[in-house]
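Asks: Starting from these lines, generate the structure:
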Amino acid sequence: MANFLRFERIRMAFEALRQVQAQTIPAQTVQAKTGQVKTMAADGVLSFGNDATAIAAARSGVALADRTHWDRIWVRDGDRLKFLHNQTTNDFRQLSPGQGCETVFVTATARTLDLASAYVLDDAVLLQVSPGQGEALMKFCDRYIFFDDTVKLALATETLACFTLIGPDSHRLIEQLTGKNLSTQLAYSHQVRLCAGIEVRIASGSDLALPGYNLFCEAESAAALWQVILDASLDKTVGPVGPVVAMGAIAWEQLRIQQGRPAVGQELTEDYNPLEAGLWQTISFDKGCYIGQETIARLNTYNGVKQRLFGLQLDGPAKPGSMLKAGEEKVGKITSVVETPDGVMALAYLRTKIGGEGLIVSVGEASDRLPRGCTGTAVPLAYVKHPT
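Replies: I've put the predicted structure just below:
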């Protein structure tokens, strides 16, 4: 009965968050604000009717994105750091409480499963992973927990909320909310602070190549924290902080593609490895054995990366899965597409030997039913890093 009552309180807490967010959506953008928010509860609010403004704020001001629908996993007990060290690509043994990193879950043949943000606490590690991936990753990890390992995994998605501040003004906003300047804190470092009496774990980094912070709080405090953040921009005591702009899932997806952050089911699948996805910053090449390590080491040592993730600036419509050609030769495939005010932007894997930035490709085959003559130019991505 106690567990039932607790989860009922949590359900009501997330419902309260959606109701608060509904007040942010301009009435003219929906027919029934409350009804729309309820239908989007699983994935967050799709749009606050301000997508262009939210993206502009992320670049020059501060935007607030709801990421409560992303999955979170607690990794606990004595072997937690050793376990994650052996199961993912980054070096966990060098991390202390208050520190964190990005890391990738891969198969035994180094194919990507998911990109995770990891935060080391005194008695646990908190992982934030892609929406809908928590249970699958826990099942994957369970296969490698042996009888003498002291590791426990628990899904935290329903008990912890996460909001992300994105943009250069996020530093001043955090100072305004907490009274502390955290702008010099290392990426993925984190600490607990009070925001208007709400206990919040504040982690540096927006999970994009833009300044920002991830804010974690108990689900019961989510609605209150959301409102506190939106209201904070009215206080000018810590320099000129403009309005905090709520960002929906559609704007986040556009920004993700423009930045080049790979997503599960699109750029992160078992067709690709982390080196091809440009996730070099998530990989330790000298930490020793881990799942997929032999393949990744061989690819790095012998320059074996066959394809690389790039952006494509397109002059016409396209869709994920469209083949790319240079002349008559197939050279890659589109994985994500979004229409922006500056035109159509895509993410695509391109064969390494063909080239990269500046390469011009034609898009689609007859079966793709796309207009003839659509071309794209390969452009670099802020989030993705490829060796030169």
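
Asks: Which helix or strand contains I55?
Replies: Counting by DSSP states H and E, the element that carries I55 is helix 51-60.

Asks: Can you pull out the low-pLDDT segments for the stretch 1-150 of the chain?
Replies: Along the stretch 1-150 of the chain, the model assigns pLDDT under 70 to residues 1-14, 23-43.

Asks: all strands of it, in order?
Replies: Assigned by DSSP state E, counting those that start in this stretch, the strands in the stretch 1-150 of the chain fall at 63-66, 71-76, 100-106, 112-120, 124-129.

Asks: I'd like those as CSV, with distance to R93 and mean neighbour count appended.
Replies: For glycine as for every other residue, the C-beta is placed from the backbone atoms N, C-alpha and C. Listed next are the strands of the stretch 1-150 of the chain as CSV, based on distance: least, C-beta to C-beta, whole Å; neighbours: other C-beta atoms under 10 Å:
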stretch, distance to R93, mean neighbour count
strand 63-66, 32, 26
strand 71-76, 14, 22
strand 100-106, 11, 24
strand 112-120, 11, 24
strand 124-129, 12, 23
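
Asks: ok now stretch 200-219, how far from the chain's centre?
Replies: On the basis of C-alpha atoms, centre = their mean, to the nearest Å, stretch 200-219 sits 11 Å off its chain's mean C-alpha point.

Asks: Equivalent analysis for stretch 313-330, please.
Replies: With C-alpha atoms, centre = their mean, you get 26 Å for stretch 313-330.

Asks: Identify each buried residue in it, please.
Replies: With burial defined by 16 or more other C-beta atoms under 10 Å, the residues of stretch 313-330 counted as buried are 314, 318, 322-326.

Asks: Can you show me the CA trace of it as CSV?
Replies: Coordinates of each C-alpha in stretch 313-330 appear next as CSV, following Å, rounded to 0.1, in the frame of the first residue of the first chain:
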residue,chain,number,x,y,z
GLN,A,313,22.5,21.4,-45.9
LEU,A,314,19.9,20.4,-48.4
ASP,A,315,18.3,22.4,-51.2
GLY,A,316,15.1,20.4,-51.2
PRO,A,317,13.0,17.9,-49.1
ALA,A,318,14.4,14.5,-48.1
LYS,A,319,13.6,11.8,-45.6
PRO,A,320,15.5,9.5,-43.3
GLY,A,321,16.8,6.4,-45.1
SER,A,322,17.4,8.3,-48.4
MET,A,323,20.6,7.1,-50.1
LEU,A,324,23.3,9.6,-51.1
LYS,A,325,25.4,9.6,-54.2
ALA,A,326,28.5,11.3,-55.5
GLY,A,327,28.2,11.0,-59.2
GLU,A,328,26.9,7.4,-59.7
GLU,A,329,28.5,6.0,-56.6
LYS,A,330,26.5,5.4,-53.4
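
Asks: picking up where we left off before, would you mark the buried spots in the helix holding I55?
Replies: In helix 51-60, counting by 16+ other C-beta under 10 Å, buried: 51, 53-58.

Asks: so can I have a markdown table of the residues you listed showing distance to L160?
Replies: Listed next are these as a markdown table, based on distance: C-beta to C-beta, whole Å:
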| residue | distance to L160 |
| --- | --- |
| D51 | 27 |
| T53 | 28 |
| A54 | 23 |
| I55 | 26 |
| A56 | 29 |
| A57 | 25 |
| A58 | 23 |
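
Asks: For T150, see how far away D77 is.
Replies: Counting by C-beta to C-beta, to the nearest Å, the gap from D77 to T150 is 4 Å.

Asks: Also L81?
Replies: L81 is 11 Å from T150, by C-beta to C-beta.

Asks: Neighbour count: these two, which is higher?
Replies: The neighbour comparison of L81 against T150 (other C-beta atoms under 10 Å) goes to L81, with 19 against 12.

Asks: Provide a list of residues in contact with that one.
Replies: In this structure, L81 makes contact with 92-93, 95, 120, 125, judged by C-beta atoms under 8 Å, 6 or more residues apart in numbering.
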